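S.K.: The following block contains a protein sequence and its predicted model.
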Amino acid sequence: MRFDLTDLRLFLHVIEAASITHGAERAHMALASASARIRGMEETLGVPLLERGRRGVRPTPAGQALAHHARIILQQLERMRGELGEYARGLKGHVRLLSNTSALTQFLPEALAGFLGAHPNIDVDLEEKPSHEIVRAVAEGLADIGIVTDSADLAGLETFPFRVDRLVLVVPRGHELATHRQIAFREVVGYEFVGLSAGSALQEHLNQHAIRAGHPLKLRVRVRGFEALCRMVEHGVGLGVVPETAVRQNGRSSAIRAAIRAVRLTDPWTLRKLTICVRRFDALPLHARQLIEHLKDQGGKAP
């Protein structure tokens, strides 16, 4: 049995993405090459590792066993890199970090810039996902660290506080809702909205709460990022929901500050504690533990 580390990483990417195509993209590999590697692994073992269907792939029992051992091998490799990296400057460490939208866009850019600047031999693979998917990925060993809202089921994971994140409604200054100091989300779901792009964890979260309120959101346009969303609201395209910190940051522009107003949402789910989660802190590679300590320190600073 001759599997190299590239094979093992590719196989885990394919399982997580439930797709050979998307797994190949995550592994930065051509689809033909990825498919050939998967077939080669199956031929070597003499058993199928994936069940292929119209909606993607999923691991067979043999595939699940291989994934289990692949995670152990790759985790041990990262521990070795982390420990030896203290002695060998040229040895790169790698951390896989999953984050929800708010933490990724509002807090992590500055925090990671400082960390990566201080640790040139550590690379961070950062990806945005909904909180419930992050928890599952961390629990299954598919990610080293997750940053999620405390509404996710974190049972069985070790957690550390990161930041507090409040969602607010943003409206044009002359809108009929601009005179409100606060309002419930169910009272505004009938309006037209500016949404975040497909795949945004925050937008998926808002869509779910709108459905529970009995009125799916009508999105006039989708944009990438909170600044673009605030500018769309400024020009009257629709309403938006963003973290309060995003309004403050984008409000540094006097033009935007004069054109939009933030209205506090009264729903309990709009006040969210952002939490760092891991399977076991002491089992992580040294460089992953260093990143967590850095994020914890950053969490104590005002946004």
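M.R.: Yep, it's here. Residues are numbered from 1 along each chain as shown.

S.K.: pretty sure Ile276 contacts Ile145?
M.R.: Yes: under the criterion of Cβ atoms under 8 Å, Ile276 is in contact with Ile145, at a separation of 6.4 Å. Any C-beta I mention is one placed from the backbone N, CA and C, and that applies to glycine too.

S.K.: between these two, what contacts are shared?
M.R.: Counting by Cβ atoms under 8 Å, 6 or more residues apart in numbering, the residues touching both Ile276 and Ile145 are 292, 295.

S.K.: residue furthest from the geometric center of this structure?
M.R.: Gly46 (36.4 Å; Cα atoms, centre = their mean).

S.K.: And that one, how far from Ile20?
M.R.: Gly46 sits 20 Å away from Ile20, going by Cβ to Cβ, to the nearest Å.

S.K.: after the worst-scoring helix or strand of the chain on mean pLDDT, next one along is what?
M.R.: Across the helices and strands of the chain, mean confidence by mean pLDDT, DSSP states H and E is lowest for helix 254-259: a mean of 57. Sequence order places strand 260-265 as the next helix or strand after helix 254-259, per DSSP states H and E.

S.K.: Can you give me the buried ones in that next one?
M.R.: Residues of strand 260-265 classed as buried by neighbour count (16 or more other Cβ atoms under 10 Å): 260-263, 265.

S.K.: Ok, stretch 226-240 next?
M.R.: By neighbour count with 16+ other Cβ under 10 Å, stretch 226-240 contains the buried residues 226-234, 237-240.

S.K.: low-confidence ranges in the stretch 1-150 of the chain?
M.R.: Applying pLDDT under 70 to the stretch 1-150 of the chain flags the ranges 1, 82-91.

S.K.: List the contacts of the helix or strand containing Val95.
M.R.: If you go by DSSP H and E, Val95 is part of strand 93-99. Contacts to strand 93-99, defined as Cβ under 8 Å, 6+ apart, come from residues 78, 81-82, 85, 108, 119, 121-129, 133-134, 137-138, 142-147, 285-288, 291.

S.K.: Let's see which of these end up in strands.
M.R.: Among the contacts of strand 93-99, the ones falling in strands (DSSP state E) are 122-128, 145-147.

S.K.: roughly how far apart are the closest residue to Arg264 other than its chain neighbours and Val170?
M.R.: Excluding the flanking residues, the one nearest Arg264 by Cβ to Cβ, 6 or more residues apart in numbering is Gln182, at 4.2 Å. Per Cβ to Cβ, Gln182 is found 13 Å from Val170.

S.K.: cool, Cys277 as well?
M.R.: When distances are taken as Cβ to Cβ, Cys277 and Val170 turn out to be 29 Å apart.

S.K.: Looking at those two, which one has more neighbours?
M.R.: Of the pair Cys277 and Val170, Val170 is the one with more neighbours under other Cβ atoms under 10 Å, namely 28 against 24.

S.K.: Strands of this protein, residue ranges please.
M.R.: Under DSSP E, the chain gives strands at 50-53, 56-59, 93-99, 122-128, 145-149, 158-172, 182-183, 192-196, 218-223, 240-243, 260-265, 271-278.

S.K.: Just send the ones you listed back as a markdown table, with distance to Glu16 too.
M.R.: A markdown table is the format used below for those (distance: least, Cβ to Cβ, whole Å):
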| stretch | distance to Glu16 |
| --- | --- |
| strand 50-53 | 13 |
| strand 56-59 | 10 |
| strand 93-99 | 10 |
| strand 122-128 | 10 |
| strand 145-149 | 13 |
| strand 158-172 | 21 |
| strand 182-183 | 39 |
| strand 192-196 | 23 |
| strand 218-223 | 25 |
| strand 240-243 | 27 |
| strand 260-265 | 33 |
| strand 271-278 | 17 |
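
S.K.: Which of those sits closest to Arg71?
M.R.: Across these, Arg71 has its closest neighbour in strand 93-99 (11.3 Å, Cβ to Cβ).

S.K.: Next, the angle strand 158-172 makes with the closest one.
M.R.: In terms of direction (axes from the mean of the first three to the mean of the last three Cα atoms, to 10 degrees), strand 93-99 departs from strand 158-172 by 50 degrees.

S.K.: who does strand 93-99 pair up with?
M.R.: The pairing partners recorded for strand 93-99 under DSSP bridges are strand 122-128 (parallel), strand 145-149 (parallel).

S.K.: ok now it, how far from the chain's centre?
M.R.: 11 Å (Cα atoms, centre = their mean, to the nearest Å).

S.K.: pull the CA atoms of that strand into CSV?
M.R.: The C-alpha trace of strand 93-99 is given here as CSV (Å, rounded to 0.1, in the frame of the first residue of the first chain):
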residue,chain,number,x,y,z
GLY,A,93,3.7,24.8,9.7
HIS,A,94,0.1,24.7,8.4
VAL,A,95,-3.2,25.5,10.2
ARG,A,96,-6.6,25.0,8.8
LEU,A,97,-9.0,27.7,10.2
LEU,A,98,-12.7,27.8,9.5
SER,A,99,-14.7,30.9,10.4
